[in-house]
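[1] Fold the stuff below for me.
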Amino acid sequence: MFDASSPGAALLVYGAILTTRVRFCSKLTPAQFSHSALQSFHSRVPMDINSASSVVLQALTQATSQDTAVLKPAEEQLKQWETQPGFYSVLLNIFNNHMLDVNVRWLAVLYFKNGIDRYWRRVAPHALSEEEKMSLRAGLITNFNEPVNQIATQIAVLIAKVARLDCPRQWPELIPILLESVKVQDGLQQHRALLTFYHVTKTLASKRLAADRKLFQDLAAGIYSFACSLWNHHTDTFLQQVCAGDEAAAINSLERTLLSLKVLRKLTVHGFNEPHENMEVMGFLNAVFERLKQFLECCRQVGSQNPCREKLEKTIILYTKVLLDFLEYHPYPFIPLIRCSLEFAVSYVFTEVGEGVVFERFIVQCMNLVKMIVKNDAYKPAKNIEDSKPEILEAHRIKTEFFTHPTLTEIGRRLVSHYFLLTEEELAMWEEDPESFAVEETGGDSWKYSLRPCTEVLFLDIFHNYSQTLTPVLLDMVQNLQGPTNVEDPVRLLIKDAVYNAVGLAAYELFDNVDFDSWFKNQLLAELQVSHHSYKLIRRRVIWLIGQWISVKFKSDLRPLLYEAILSLMQDPDLVVRIETATTLKLTVDDFEFRTEQFLPYLESIFSLLFQLLQQVTECDTKMQVLHVISCVIERVNIQIRPYVGCLVQYLPLLWKQSEEHNMLRCAILTTLVHLVQGLGAESKNLYPFLLPVIQLSTDVSQPPHVYLLEDGLELWLVTLENCPSITPELLRVFQNMSALLELSSENLRTCFQIINGYTYLSATEFLQNYAEGLCRSFCELLKDITNEGQVQVLKVVEIAIKVSPLLGAHMFQPLLPNVFRGIIDGERYPVVMSTYLGVIGRVLLQNSSFFSSLLTQMAGEFNQEMDQLLGSLIEMWVERMDNITQPERRKLSALALLSLLPSDNSVIQDKFCGIINICVEALHDVMTEDPETGTFKDCMLMTHFEEPKLTDDEEPPTEQDKRKKLLALEDPVHSVSLQRYVYEKLKAQQLLMGDQGFQALMETVDTEIVRQLQEFLQGL
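    Below is the predicted model:
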């Protein structure tokens, strides 16, 4: 029999857990399996369990081998058996047989547990039969006597998995059997039943559907009294045994206390809709405070070396979790507990009651309890008191009575002068591992688990809610620390650090009470200049403090003084001070009131020191932090950075190579490169030998790092194109990554489309000849299953290609155009999609009329109509849906495109003449502006020549792509053809074609008011 209590056994099982594949003495080969047993096991017929057991046992034994030649075939065999009837019954027999090797039994439990996930549900493929499930359920709860702790836990978890699916309907006997089993005298059986009871309760409590919650509430109502008495019994037993000094028995009782408390926690928090109406629930919650005091006192008595100590602390934390969970899920029922909770937490954490008793995790939990009560929105009365519920007013009254002026003052002072002080461990870390100290994570949910962020968050919440009381307290603490502090007085230095920390955290609350500008000039600047080694504490804290206030209250004309201080501190001998200074620099540069001209005199020196810092730090997280500062500086000064980036440009390839294993650092490098390319503009072409392979790797979905790098890699690709002066073969080659990216159709599609447009603007002919065919195939696939907005994005890309290169664009994207044509004729109902359709066809008609004719011929065949008839339908729909087009450019394009059909003697076009003129007049209203002096009209969309815009300091210069788009616009009919003149010339040509009389008749088909408006626009021509 396996003895679970022996140290050797514990080690053996621990090894089994780590690898589950320990070397075995018996090395059976697959060939040694019993052939007949295998044969019958492969059929879908259940086989005799005894004959199957030996063959499965052999396979499991081999599956724990470290010899892959033995291991792989055995794993394959077990995988095939997973779906065989009877397999799980055999596994149950094996792991219930305590005579077998522990590693084999462990593996049997794991296979069984995985099988529940895959095959237990009725609807699962190869689901287990109801008969086998019934037999397995019975077998799982026949005896709770598993000797090995880890296997017992796994069995409890798998019973809970089955309970989640079958309890109570198919397994009504589970809970009664568990309740009976936890009463037995046998210690092992009692513990295993209690362990199972906990896992079953935990699993059932996690179900969220209304019907499941109702079932759990019925269960809770039925067993709550029993669970309370069980917890009380084990708790009392433990306390008696501890007092008697019986350590071994006390540890066992404490384990049972912990498990019964875990059950009660789930029942209390999730088992009742109106818990405050249940006397037993409220009785238990009130008893928690007394029990906590008993257990804390017990901690004091047993000392830190006692074997019970760790479990004792676990139990104390569990009690606090009961209160925190109940407060989170039931804020109103918690109201009667507010006073007890505050009195308990504040006395242990902020008075001498807790001295020698409390430990860090407990302090964090108590502070979180206070924080959740202080900050809870459920306890805040409405602005109009009469609108508040009575229970909210009651909660507010209790809080107001508790948080008196003396109590708040004491909490505020203790937080700052005790909990904010840097600890010996932190100071040692500063010396031994400065980077880890400087970049310690305090964001996210760290306040829930770590003491420093927890105290800071509690301070902020209490200060915010009671600022009138606490502001004078904090200002008094600041007043007592005026002037430089004696460098030989470490305690006073630590207190000053803590008080300055508080002033930084509460910056927004102190806005009206602190003249920060004067304080900065008259004291803080002087403190930054104290160069003594011990004063580094204050130098680091003061520069941090300025960073906190920079966006709250800091005069713009003081910035140069700050830049000088930053320049000096970036050369501080202490690394922590330098890293903190870099962070404050980022906050300063990133601030709304940042002025480039104030910063330029310091740019070269500061940038050089930042680069040195980037090289000096060695940790991945620190390099990322410094890179973010560098990125921010480059982004804000833009092209002014060009003279100073040489060293950085040389260093980044080396850093990229070194960071092969650190994808988050590579993301930071990509962000830096994005800003660098934007700052360098066309000069970024010199970076291509490094830049293009980086883009290639980051956007290649066949490379594992793309998971982390893709988003930033695409952004870098895009800005590289936007700032590229001319195409290179290497840049063109990177586009090979695009088809796989389009297949992903992820949230990055929009950027992908922008990249495609970038290539089109950069070198349409080369790009379209190389890639348009594949791109067209990708678009056809995309359009099969895409939202309306996605469809618009795809077609905008096509429209741009036709605009840039009317002949090649229309030819290359020809397979997409019939669908667009069809959409117009069928009267596409989404206005934005229809507008895009008309934009694409408008471009083809206006800029590639011969292609339009062939498309019309093709579509006429498809619709089985005459070409003229189909053209008439197209014009009719165009006129009808003109209002779907909202952009003035597209409205003018529509007018130009339809006018391009004139002059014509085609009866269909003449028949639609009235509609064409209507569209033209609408478009003229959109684009014509009247010169008030001369009373004449001019087309406001006309662009006559290209000129570099004059920029203010805050404006970014145009990118190379902006310039290309501007030059393209000069050739685009929408911007180069006067609509007024074009209408006039087309009407004149139609008149010449038809003669005055015919033309007069044609004009009479147009509404007289429209004709009058048209004449007004055309006067003077």
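
[2] can you tell me which helix or strand the residue nearest to Leu239 when sequence neighbours are not counted belongs to?
    Distances taken as CB to CB, 6 or more residues apart in numbering place Gln294 nearest to Leu239, at 6.3 Å, with adjacent residues excluded. Backbone N, C-alpha and C define where each C-beta goes, glycine included. Gln294 belongs to helix 279-302 when assigned by DSSP states H and E.

[3] quick one: buried residues of that helix?
    281-282, 284-285, 288-289, 291-292, 295-296, 298-299, 302 (16 or more other CB atoms under 10 Å).

[4] can you list contacts of it?
    Contacting residues not belonging to helix 279-302 are listed as 224-225, 228, 231, 235, 239, 242, 264, 268, 272, 275-276, 308-309, 312-313, 315-316, 319-320, 322-323, 326, 336-337, 340-341, 344, 348, 356-359, 362 [CB atoms under 8 Å, 6 or more residues apart in numbering].

[5] what about 6 Å?
    Residues outside helix 279-302 that contact it (CB atoms under 6 Å, 6 or more residues apart in numbering) are 224, 228, 242, 268, 272, 275, 308, 312, 316, 319, 322, 337, 340, 344, 357.

[6] again, but for stretch 367-380
    327, 331, 338, 341, 345, 395, 454, 458, 461-462, 465.

[7] which of the contacts of helix 279-302 are buried?
    For those, a burial check counting by 16+ other CB under 10 Å picks out 224, 228, 242, 268, 272, 275, 308, 312, 316, 319, 322, 337, 344, 357.

[8] Tell me how far the last one lies from Val589.
    Spelled out, that is Val357. Look at Val357 and Val589: by CB to CB, to the nearest Å, they are 48 Å apart.

[9] Then Gln468?
    35 Å.

[10] Looking at those two, which has the bigger crowd around it?
    Neighbour count, other CB atoms under 10 Å: between Gln468 and Val589, Val589 has more, with 21 against 9.

[11] That one touches Arg636, doesn't it?
    Yes - the pair Val589 / Arg636 is scored as a contact, 5.0 Å apart, by CB atoms under 6 Å.

[12] got any residues that touch both of those two?
    With CB under 6 Å, 6+ apart, Val589 and Arg636 have no common neighbours.

[13] quick one on the thing from earlier: right, and out of the contacts of stretch 367-380, which lies closest to Cys780?
    Lowest distance from Cys780 to the contacts of stretch 367-380 (CB to CB) belongs to Pro331, with 55.3 Å.

[14] pLDDT score assigned to His405?
    Here, the pLDDT recorded for His405 equals 95.

[15] Run through the residues that contact it.
    For His405, the contacting residues are Thr469, by CB under 6 Å, 6+ apart.

[16] Select from the buried ones among the contacts of helix 279-302 every entry located in strands.
    Assigned to strands by DSSP state E, none of the buried ones among the contacts of helix 279-302 qualify.

[17] Restricted to helices, list the residues you listed.
    224, 228, 242, 268, 312, 316, 319, 322, 344 (DSSP state H).

[18] Find the pair from those residues with maximum spatial separation.
    By the measure CB to CB, Tyr224 and Val242 form the most distant pair in those, at 26.9 Å.

[19] Where does the residue nearest to the spatial centre of the chain sit: helix, strand or coil?
    Geometric centre of the chain, nearest residue: Gly444, 11.6 Å, by CA atoms, centre = their mean. Assigned state for Gly444: coil (three-state reduction, DSSP: H, G, I helix; E, B strand; the rest coil).

[20] ok, it to Gln365 distance?
    Distance, Gly444 to Gln365, by CB to CB: 18 Å.

[21] what do you get for Pro172?
    Relative to Gln365, Pro172 is positioned 38 Å away (CB to CB).

[22] Mind listing residues that contact stretch 844-857?
    Here stretch 844-857 makes contact (CB under 6 Å, 6+ apart) with 806-807, 810, 817, 867, 896-897, 900, 973.

[23] no, scratch that, I was asking about stretch 490-510
    Outside stretch 490-510, the residues touching it (CB under 6 Å, 6+ apart) are 416, 420-422, 456, 460, 463, 467, 474, 477-478, 481, 485, 537, 541, 545, 548-549, 552.

[24] Which of those are buried? Put it as a PyMOL command.
    Burial among the contacts of stretch 490-510 is assessed by 16+ other CB under 10 Å; the matching PyMOL selection reads:
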select buried, resi 416+420+421+422+456+460+463+467+474+477+478+481+485+537+541+545+548+549
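
[25] In helices, which of the contacts of stretch 490-510 fall?
    Judged by DSSP H, helices contain the following of those: 456, 460, 463, 467, 474, 477-478, 537, 541, 545, 548-549.

[26] Quick check: the two most widely separated of these?
    Longest span within the ones in helices among the contacts of stretch 490-510, CB to CB: Ser467 and Leu537, 27.3 Å.

[27] Correct me if wrong: Ile917 contacts Val1006.
    Yes - with contact defined as CB under 6 Å, Ile917 counts as touching Val1006 (4.9 Å).

[28] quick revisit: would you turn the contacts of stretch 844-857 into a markdown table with pLDDT?
    As requested, the contacts of stretch 844-857 are arranged in a markdown table below (pLDDT from 0 to 100):
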| residue | pLDDT |
| --- | --- |
| Pro806 | 92 |
| Leu807 | 91 |
| Ala810 | 91 |
| Leu817 | 92 |
| Met867 | 91 |
| Leu896 | 95 |
| Ala897 | 95 |
| Ser900 | 94 |
| Pro973 | 93 |
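
[29] which residues in the stretch 701-850 of the chain form helices?
    With helices called from DSSP state H, counting those that start in this stretch, the stretch 701-850 of the chain shows them at 706-722, 729-734, 738-744, 749-784, 788-804, 806-812, 817-825, 831-847, 849-863.

[30] Tell me which of these sits nearest to Glu956.
    Using CB to CB, those put helix 706-722 closest to Glu956, at 11.3 Å.

[31] And for that closest one, what's in contact with it?
    The contact list for helix 706-722 (CB under 6 Å, 6+ apart) reads 663, 666-667, 670-671, 673-674, 677-678, 695, 698-700, 748, 751, 754-755, 758, 959, 961.

[32] and with 8 Å instead?
    663-664, 666-667, 670-671, 673-674, 677-678, 684, 691-692, 694-695, 697-701, 731, 734, 741, 748, 751-752, 754-755, 758-759, 762, 959-962.

[33] mind listing what's buried in it?
    Buried residues in helix 706-722, counted by 16+ other CB under 10 Å: 706, 708-722.

[34] same thing with stretch 263-277?
    In stretch 263-277, counting by 16+ other CB under 10 Å, buried: 263-272, 275-276.

[35] that older thread, can you list the contacts of stretch 367-380 in CSV and add neighbour count and pLDDT?
    Shown next, in CSV, are the contacts of stretch 367-380 (neighbours: other CB atoms under 10 Å; pLDDT from 0 to 100):
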residue, neighbour count, pLDDT
Leu327, 22, 96
Pro331, 19, 95
Ile338, 21, 96
Ser341, 24, 96
Ala345, 23, 96
Ala395, 24, 92
Cys454, 23, 94
Leu458, 25, 96
Asp461, 18, 95
Ile462, 21, 95
Asn465, 16, 93
